[in-house]
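Engineer: Fold the following, please.
(one chain, ligands or ions: 2)
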Amino acid sequence: MQALTELSDRALHDAVVDAGGKPFQSRQIAHWLWHHGADRFDRMTNVPGPLRQKLAHRFAVRTTDVKHVDLASDGTEKLLIGLGDGETVECVIIPDGERTTLCISTQVGCPVACVFCASGMNGVKRNLTTAEIVEQVLVAKGRLTDGRRLTNLVVMGMGEPMLNLDALLPALQRIHDQDGIGMGARRITVSTSGYPRQMERFAAADPSYNLAVSLHAADDALRRQLVPTASHPVRDIVTAAHRYFGQKGREVTYEVVLLDGRNDRPDDAEALVALLGALPCTVNLIPWNPVEELAVARGLRRPASHRVDGFADALRRGGLKVTVRRQRGADRSAACGQLRLRGGDGHP
Ligand code: SAH
Ligand code: SF4
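Structural biologist: Ligands and ions are numbered 1, 2, ... in the order given. I've put the predicted structure just below:
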């Protein structure tokens, strides 16, 4: 059964009118869907019962449901979202002082297969639909209590966002739109492992979201060891990112997952300085969050903190702005790169 969240505003209007309702009632229903996050028809209290019933014969309200919640000791919550076809994806709510950030997925699995990431271990099954992407935000908002608001959205969960722009761009539009969820574009960040052509398409979209680029290494040969499917030279990726800055006026963040002895050596820092030192950007260092199978099979290790600090200092001496990402939710495998494709039974 189709869900209301899958309908465009026009299609919702037509469905409401078909069911004997008035155009203003389709706007009321849209308000219930996006603003109040109603997940059942009976929550839509100002919509007449007979109209709700007629719609309920033809439509569900949402396409997804929450199958499981993992609460980590630091307050991070990982939600296992069940999709209509039995697949699942994960999203993560990360409270941090005044901020509450939601990390959402865009694909079931990931085709990029970075050697350090759990999401890409079993390839990709399919793209998420626009409704499945937006619903992760609705579900997360519905779980916030104590007056907490969702302040930031990062598209950094499972999947490569640039390989699903057809669904992601309308989803972001709905998330950002004042008549939708109404989240400011400045609070939304999309992370990509680097697809220059798609980054151009992303740049052409209105409004201006923040862009993060997962670079990991300045040197092409080293990067290809870490991101084996990468077919674009680092130079082209950085050029596309810099063009994004030029068009949007938003500084790009470069993410570097640090792996002990692989890409955290002084030479690696120097190469990053040479590549990025003159650009307006920030480098976000992410000490690797262990994924056991990958640690065993590929001998990967999280670097000791003094190595991370040394790497950060070397970048700073080269004139770069550097942040180091704190690990969140790791005791529930909810940290970056620990989200994975699960079996169809929906349980971890
Ligand atoms: N596919 C996109 C977005 C999802 S991954 C991308 O790669 O950018 C989000 C971030 O988590 C990326 O920077 C990625 O490199 C990082 N990441 C993946 N696996 C990780 C791990 N095990 N530990 C730390 N960071 C990881
Ligand atoms: Fe995919 Fe990003 Fe994981 Fe690489 S790091 S496999 S691009 S989700």
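
Engineer: who does the host helix or strand of residue 236 touch, helix- and strand-wise?
Structural biologist: Under the criterion of DSSP states H and E, residue 236 resides in helix 234-248. With contacts taken as 3 or more Cβ pairs under 8 Å, 6 or more residues apart in numbering; DSSP states H and E, helix 234-248 sits against helix 196-204, strand 210-214, strand 252-258, helix 266-276. Just so you know, the C-beta spots here come from the backbone N, C-alpha and C atoms, and that holds for glycine as well.

Engineer: The ones you listed into CSV, with extra columns for distance to residue 305, mean neighbour count and mean pLDDT?
Structural biologist: Output for those, formatted as CSV (distance: least, Cβ to Cβ, whole Å; neighbours: other Cβ atoms under 10 Å; pLDDT from 0 to 100):
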stretch, distance to residue 305, mean neighbour count, mean pLDDT
helix 196-204, 33, 16, 97
strand 210-214, 22, 23, 98
strand 252-258, 11, 24, 98
helix 266-276, 16, 18, 98
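
Engineer: quick one, which of these is nearest to ligand 2?
Structural biologist: Of all the helices and strands packed on helix 234-248, it is strand 210-214 that lies closest to ligand 2, at 6.0 Å by Cβ to the nearest ligand atom.

Engineer: can you put the helices and strands packed on helix 234-248 in a markdown table and add distance to ligand 2?
Structural biologist: Converted to a markdown table, the helices and strands packed on helix 234-248 look like this (distance: least, Cβ to the nearest ligand atom, whole Å):
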| stretch | distance to ligand 2 |
| --- | --- |
| helix 196-204 | 12 |
| strand 210-214 | 6 |
| strand 252-258 | 8 |
| helix 266-276 | 18 |
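
Engineer: quick check: mean pLDDT across the helix holding residue 236?
Structural biologist: Average pLDDT, helix 234-248: 97.

Engineer: wait, isn't residue 73 in contact with residue 328?
Structural biologist: No: between residue 73 and residue 328 there is no contact under Cβ atoms under 8 Å: 10.4 Å.

Engineer: Among those two, which residue is more densely surrounded?
Structural biologist: Per other Cβ atoms under 10 Å, whichever of residue 73 and residue 328 has more neighbours is residue 328, with 21 against 9.

Engineer: For that one, give me the pLDDT.
Structural biologist: 83.

Engineer: did I read that right, it in a strand?
Structural biologist: No: according to DSSP: H, G, I helix; E, B strand; the rest coil, residue 328 belongs to no strand; its state is coil.

Engineer: No further queries at this time; thank you.
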